[in-house]
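S.K.: take a look and give me a structure for this.
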Amino acid sequence: MFIVIGIIVVFGSILAGYLMEHGNLMVLMQPAELLIIGGAAAGTLLIANPLHVIKKILSGVMALFKGSHITEAFYLETLRMCYELLNKARRDGLLAIESDIEDPSQSAVFTSYPKFLKDRRSLDFVCDTLRMAVTGGIDPFDLDQMMDLDMEVAHRGENAPISALSTVADSLPGLGIVAAVLGVVVTMGALGGPPEEIGHKVASALVGTFLGILLCYGLVGPLAANMTKQAEDDHAYLYVIRVVLISFIKGAAPIQALEFGRRAIPEIVRPSFSDMEKSCKGAPAADAAKGE
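M.R.: Predicted structure coming up:
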């Protein structure tokens, strides 16, 4: 929603100011200039990136308009899911959750949280980590390093489409100049004609530069910046899960492991301890501290 509002504010303010200066809107309607800039930008994107990166750019931009799903409520739901899973492991032993992590789609714990179940990356992150813990023979420090490596690879994968989109944004002013130069070439070919025609062609050429700069700093660049923030939110989410799991594997009680994880949640979406406790079990703090 805020992205749509922002786009409206950017383009609305520019057009309003232009009209206040008694500008003619029809002069800005230059499909040829937009085709040159947009087509060249799309072409450079195809040249510089493999298909899977382009698909990630499209899906990432579409996700921006839906808004981030990583909210305080989503964190609470994740912590509650972790509590149920870890409490089962603490009560009945790690082998008791083997069936849950081997086939999450049939797990009574995971199927209770469909949003998490659909998030394949987070689901695999939890299941693969607990699978190593169930197998045994791996030091908690080494397991923590393994999770850190997994997060680093995921973060690099998220940054690839962001970097590609930022490169396109940086190229747009240059492509706008290309469109303007072509407009000047057309203008030079019309020299000797009516002044009105020459003036129109010069205006068309300048619109190319205007569109390139506007699309760079008013649309594509901000979209890339927003995608960066989304990637940071996803990275922070995995980090919270990592803290919860490694704390439990080191011997902390489930509720204590959740508290370690809660402290790692970004402050803007961090639930209070009492909210987490009520969400997980609805027990008084004294009972929760016992890890029951």
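
S.K.: tell me the confidence at residue 66?
M.R.: We have a pLDDT of 86 for residue 66.

S.K.: next one: residue 287
M.R.: According to the model, residue 287 scores 41 on pLDDT.

S.K.: please apply the same query to residue 61.
M.R.: pLDDT, residue 61: 92.

S.K.: neighbours around the residue nearest to it when sequence neighbours are not counted, how many?
M.R.: Closest residue to residue 61 apart from its sequence neighbours, by C-beta to C-beta, 6 or more residues apart in numbering: residue 223 at 6.0 Å. (C-beta placed from N, C-alpha, C; glycine too.) Neighbouring residues of residue 223 were enumerated by other C-beta atoms under 10 Å; the total is 22.

S.K.: residue 223 and residue 231, how far apart?
M.R.: As judged by C-beta to C-beta, to the nearest Å, residue 223 and residue 231 stand 13 Å apart.

S.K.: what residues does residue 48 make contact with?
M.R.: Applying C-beta atoms under 8 Å, 6 or more residues apart in numbering, we find residue 48 in contact with 164, 167.

S.K.: can you give me phi and psi for it?
M.R.: With angles defined as degrees, to the nearest 10, residue 48 sits at phi -90, psi -10.

S.K.: now it: how far from residue 158?
M.R.: 18 Å.

S.K.: likewise residue 112?
M.R.: Look at residue 112 and residue 158: by C-beta to C-beta, they are 28 Å apart.

S.K.: before we move on, what's the pLDDT of the residue positioned nearest the centre of the chain?
M.R.: For the chain, the residue sitting closest to the mean C-alpha position, by C-alpha atoms, centre = their mean, is residue 230 at 2.9 Å. Listed pLDDT for residue 230 reads 92.

S.K.: just residue 103 next, same as before
M.R.: pLDDT recorded at residue 103 is 91.

S.K.: report the separation between it and residue 65.
M.R.: According to C-beta to C-beta, residue 103 stands 34 Å off from residue 65.

S.K.: before we move on, back to that, residue 112 and residue 158: which has the busier surroundings?
M.R.: Comparing residue 112 with residue 158 by other C-beta under 10 Å, the one with more neighbours is residue 158, at 19 against 13.

S.K.: quick check: the more buried one touching residue 234?
M.R.: Yes - contact criterion C-beta atoms under 8 Å: residue 158 and residue 234 qualify, at 6.4 Å.

S.K.: the residue most distant from the middle of the protein, which is it?
M.R.: For the chain, the C-alpha farthest from the mean C-alpha position belongs to residue 192; by C-alpha atoms, centre = their mean, that distance is 53.9 Å.
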